[in-house]
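K.L.:
coords please:
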Amino acid sequence: MMSVFNRYSDSKAARIYFVKNNGFLSILEVSDHTLKDGTPFYICAQTDVTFTFLEWFPRALSDFVRPPVEGGLHAGAT
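P.N.:
Below is the predicted model of the structure:
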């Protein structure tokens with residue numbers, strides 16, 4: 001089952017959709033416009049993440065930017 005959580009658009013040509021998709025969050029980016037030479041341009045990209053990723057990512061990002069002295073990762077850590 002799919003349902004749209006939210007839709008964001010910074011112009012008529014570019015749209016981002018956040019979709020609940022069978023237990024995953026699908027982030028869809030759609031853009032279509034005409035290039036300066038008159039050629040039509042279309043791009044569609046999709047990223048799928050689990051909802052647990054949404055819990056993990058902010059903590060991981062916080063650890064990433066925290067200095068090693070404060071318990072963050074050292075340079076070159078994998």
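
K.L.:
just give me the residue closest to the centre of the chain.
P.N.:
I27 (5.7 Å; C-alpha atoms, centre = their mean).

K.L.:
for I16, see how far away it is.
P.N.:
Distance, I27 to I16, by C-beta to C-beta, to the nearest Å: 7 Å. C-beta coordinates here come from the backbone N, C-alpha and C atoms, glycine included.

K.L.:
doesn't the residue nearest to the centre of the chain fall inside a strand?
P.N.:
Yes. Judged by DSSP: H, G, I helix; E, B strand; the rest coil, I27 forms part of a strand.

K.L.:
now do the contacts for it.
P.N.:
16-19, 46-49 (C-beta atoms under 8 Å, 6 or more residues apart in numbering).

K.L.:
ok, so of these, who is nearest S3?
P.N.:
Distance to S3, by C-beta to C-beta, is smallest for V19 among the contacts of I27, at 7.0 Å.

K.L.:
for the closest one, give the beta-bridge partners.
P.N.:
V4, S26 (DSSP bridges).

K.L.:
looks like it contacts V30 (just checking).
P.N.:
No. Using C-beta atoms under 8 Å, V19 makes no contact with V30, being 11.8 Å away.

K.L.:
who has more neighbours, the two?
P.N.:
V19 (18 against 15; other C-beta atoms under 10 Å).

K.L.:
measure that one to V4 for me?
P.N.:
Counting by C-beta to C-beta - V19 and V4 are separated by 5 Å.

K.L.:
low pLDDT regions in the chain?
P.N.:
1-2, 5-6, 10-12, 76-78 (pLDDT under 70).

K.L.:
just the helices in it please.
P.N.:
51-65 (DSSP state H).

K.L.:
about what we covered before: look up how far Q46 lies from the residue nearest to the centre of the chain.
P.N.:
7 Å.

K.L.:
likewise for P58?
P.N.:
For P58 relative to Q46 (C-beta to C-beta), the value is 22 Å.

K.L.:
all good on my end, thank you.
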